[in-house]
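J.: With the sequence up front, the predicted model follows.
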Amino acid sequence: MDHLLLSFLSLSDSSPPVSLDLSFDRLLDSTPSDADQALLIDRAHSIGSLLLRAANRSTRKRASLHNSIAWALSPDLTIKIRSLCYAAATCWMFNKCAMDPLCYENIDLTTVVPKVNNVVVSTMIQRAGKSFRSLKLGIVPGPTSSPGSCQPLVYTIQNSVDVSSFSWNEKKTRQGKESSILTRTCLYPLSGDNGTAGALLWRLHLYNIERMDNTSLCVALAACPSLLDLEIVGLHVELRQTLMSVSSNWHLIERLFFESSKIWRDDSLKSQTCVDVVNNCPNLSSLSLRGFKLHDYKVRILVKGFRKLKYADFSTSYSITGTFLRNLGSGSGGNLLEVLILRD
């Protein structure tokens, strides 16, 4: 086969295309029946397709080899390419780089409309392996930032998304076989395999996941003992249960941002829960509780209790009158506070 192919390619390279056409016509004329002629044409198409496929594969292989030799960037810079899917489809070298676990160290699956399902979340976490550190998940309308704020961009109640407004046709893939909406089990990979993935996580941001409930969230939180940064916006979960879970599992947490999905209707927080969080989370330096019913004495427990607190935001929190501000700087608590936001 090798000798035959070499002879054929050498002949076609040295002969003009018209000669090949005439040769094929003579073969057809020498074929006795119409059926045999059709079979000969089909075989020519088939062999031509196979030859073209082999040539294309070899071209890609040679280009890949050239890229791996001539590519100027080191592997650690190469894997920072943003569009991993496009990169992976380019050539073998980029595909190999896109599969590197370091590409999935910080997973951001936030979207403006529902596009991500539980399978995608699980796949990304599996690819991250031991490099997994950060997960952002859910529906966001777009970032907003408060003037002078020292905080990262957050997604506020005023710009929150009513996920139920999307039609079910938008929540399904074109095939209609696989839902493109996250369910309450989307965080199960964090607690799977004896909590291997959750133990590696430092940052967890969740936005407007309409089917998330208290139980599912608390199970996920319990699997993440090393979490330093938690941001929750628009989830139908209770403040008290979430803070109890934080108090029980996250003794290293440094930043907590929690915004209610039902503004002013969550009055679940108890004084004892505030005390427990203060005692069990000594490293907290940034606290935002927005849209909840918070009374002054509970806010005072939090602000005075956290010894390292520098940033506090209780905007859009109903029932606050401001009495907690009296003598705020006296004693040991509240002395490091640099930013206090009480908007609306």
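T.: The structure has been received and is ready for your questions.

J.: Dump the C-alpha coordinates for stretch 126-146 into CSV.
T.: Written as CSV, here are the backbone C-alpha positions of stretch 126-146 (Å, rounded to 0.1, in the frame of the first residue of the first chain):
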residue,chain,number,x,y,z
GLN,A,126,-13.2,17.3,38.4
ARG,A,127,-10.8,18.9,35.9
ALA,A,128,-9.5,21.3,38.6
GLY,A,129,-8.5,18.4,40.8
LYS,A,130,-6.1,19.5,43.5
SER,A,131,-5.7,22.9,42.0
PHE,A,132,-9.4,23.8,42.8
ARG,A,133,-9.6,27.1,44.9
SER,A,134,-12.5,29.3,43.7
LEU,A,135,-16.0,28.8,42.4
LYS,A,136,-18.5,31.4,41.2
LEU,A,137,-21.8,30.2,40.1
GLY,A,138,-25.3,31.5,39.1
ILE,A,139,-27.1,34.2,37.2
VAL,A,140,-25.8,37.8,37.4
PRO,A,141,-27.1,40.9,35.6
GLY,A,142,-23.8,42.8,35.6
PRO,A,143,-21.4,44.2,38.1
THR,A,144,-22.0,47.4,40.1
SER,A,145,-19.6,49.1,42.5
SER,A,146,-20.2,51.7,45.2
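
J.: in that stretch, what's buried?
T.: 127-128, 132-140 (16 or more other C-beta atoms under 10 Å). Backbone N, C-alpha and C define where each C-beta goes, glycine included.

J.: So what's the gap between that stretch and the chain middle?
T.: 5 Å (C-alpha atoms, centre = their mean, to the nearest Å).

J.: Which of the buried residues of stretch 126-146 fall in helices?
T.: Using DSSP state H, the members of the buried residues of stretch 126-146 that fall within helices are 127-128.

J.: From the buried residues of stretch 126-146, pick the one nearest Lys293.
T.: Gly138 (24.1 Å; C-beta to C-beta).

J.: Okay, and the beta partners of that closest one?
T.: Beta-bridge partners of Gly138, counted by DSSP bridges, are Thr110, Tyr207.

J.: Where do the strands of the protein begin and end?
T.: Taking DSSP state E as the criterion, the chain carries its strands at 106-111, 134-139, 203-207, 229-233, 255-259, 286-290, 311-313, 339-341.

J.: Worst mean pLDDT among those?
T.: Note on these: strand 106-111 shows the lowest mean pLDDT, a mean of 89.

J.: Only the buried residues of it, if you could.
T.: 107, 109-110.

J.: give me the low-pLDDT residue ranges for the protein?
T.: Applying pLDDT under 70 to the chain flags residues 11-18, 68, 70-99, 142-180, 332.

J.: one more time with 50
T.: Applying pLDDT under 50 to the chain flags residues 144-178.

J.: Helices along that one, start to end?
T.: Going by DSSP H, the chain shows helices at 2-14, 17-29, 34-70, 75-78, 84-88, 92-98, 118-128, 188-200, 214-222, 239-249, 271-280, 296-305.

J.: Ok, which of these comes nearest Ile263?
T.: Here helix 239-249 is closest among the helices of the chain (C-beta to C-beta), at 12.2 Å.

J.: re earlier: could you dump the buried residues of stretch 126-146 into a markdown table with distance to Leu27 added?
T.: Shown next, in a markdown table, are the buried residues of stretch 126-146 (distance: C-beta to C-beta, whole Å):
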| residue | distance to Leu27 |
| --- | --- |
| Arg127 | 53 |
| Ala128 | 58 |
| Phe132 | 62 |
| Arg133 | 65 |
| Ser134 | 65 |
| Leu135 | 63 |
| Lys136 | 64 |
| Leu137 | 63 |
| Gly138 | 65 |
| Ile139 | 63 |
| Val140 | 65 |
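
J.: what's the closest non-adjacent residue to Val278?
T.: Nearest residue to Val278, sequence neighbours excluded (C-beta to C-beta, 6 or more residues apart in numbering): Gly305, at 3.2 Å.

J.: likewise Cys281?
T.: Once flanking residues are discounted, Cys281 sits nearest to Ile253: 5.3 Å by C-beta to C-beta, 6+ apart.

J.: I'd guessed the one you found sits against Val246; true?
T.: Yes: counting by C-beta atoms under 8 Å, Ile253 touches Val246, with 6.4 Å between them.

J.: Name the residues contacting each of those two.
T.: Common neighbours of Ile253 and Val246, using C-beta atoms under 8 Å, 6 or more residues apart in numbering, are 230, 281.

J.: ok, now which ones touch the closest residue to Gln241 other than its chain neighbours?
T.: Using C-beta to C-beta, 6+ apart and skipping residues adjacent in sequence, the residue nearest Gln241 is Asn214, 4.8 Å away. By C-beta under 8 Å, 6+ apart, the contact set of Asn214 is 237-238, 241-242.
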